[in-house]
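**Student:** Turn this into a structure:
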Amino acid sequence: MPPVFAPTTAERHQMIAVAAYFLAERRHFAPGNADTDWINAEQQIDQMLAVMRESGRTQHDLEQVGLRNALLLWTNCIPLA
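**Tutor:** Residues are numbered from 1 along each chain as shown. Have a look, this model is predicted:
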């Protein structure tokens, strides 16, 4: 069985950056909310990674779903702050 997904610091940072971009896209890139987008993205990624660890999900699982699809599904469950 492949190991549970545990991203490096650089991989986690990249995941947060992508998530923050999509959060900004959802609000049509209105100025003044980049910090909020980053904080929300960081929380969402950390929650997603925690669920993946707890459920034994692997990097392959994440790649199968695709980060964007995972985030779209995830953000439908979690209201924006």
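
**Student:** Show me the longest helix that occurs in the protein.
**Tutor:** helix 34-55 (DSSP state H).

**Student:** Report the next helix or strand after it in sequence order.
**Tutor:** helix 59-65 (DSSP states H and E).

**Student:** Quick one: mean pLDDT over that next one.
**Tutor:** Mean per-residue pLDDT for helix 59-65: 74.

**Student:** quick one: buried residues of the longest helix of the chain?
**Tutor:** By neighbour count with 16 or more other C-beta atoms under 10 Å, helix 34-55 contains the buried residues 37-38, 40-42, 44-45, 48-49, 52. All C-beta spots, glycine's among them, are computed from the backbone N, C-alpha and C.

**Student:** From the chain's centroid, how far away is that helix?
**Tutor:** Relative to its chain's centre, helix 34-55 lies at 5 Å (C-alpha atoms, centre = their mean, to the nearest Å).

**Student:** Show me what it is packed up against.
**Tutor:** The contact analysis (3 or more C-beta pairs under 8 Å, 6 or more residues apart in numbering; DSSP states H and E) places helix 34-55 against helix 9-26, helix 67-77.

**Student:** Quick check: which of the ones you listed is buried the most?
**Tutor:** helix 9-26 (a mean of 15; mean count of other C-beta atoms under 10 Å).

**Student:** Touching that helix from outside, list them.
**Tutor:** The contact list for helix 9-26 (C-beta atoms under 8 Å, 6 or more residues apart in numbering) reads 7, 33-34, 37-38, 40-42, 44-45, 49, 67-68, 71-72, 75, 80.

**Student:** make it 7 Å
**Tutor:** 7, 37-38, 40-42, 44-45, 67-68, 71 (C-beta atoms under 7 Å, 6 or more residues apart in numbering).

**Student:** Would you mind getting the angle between the longest helix of the chain and helix 9-26?
**Tutor:** 120 degrees (axes from the mean of the first three to the mean of the last three C-alpha atoms, to 10 degrees).

**Student:** I'm done for today, thanks for sticking with me.
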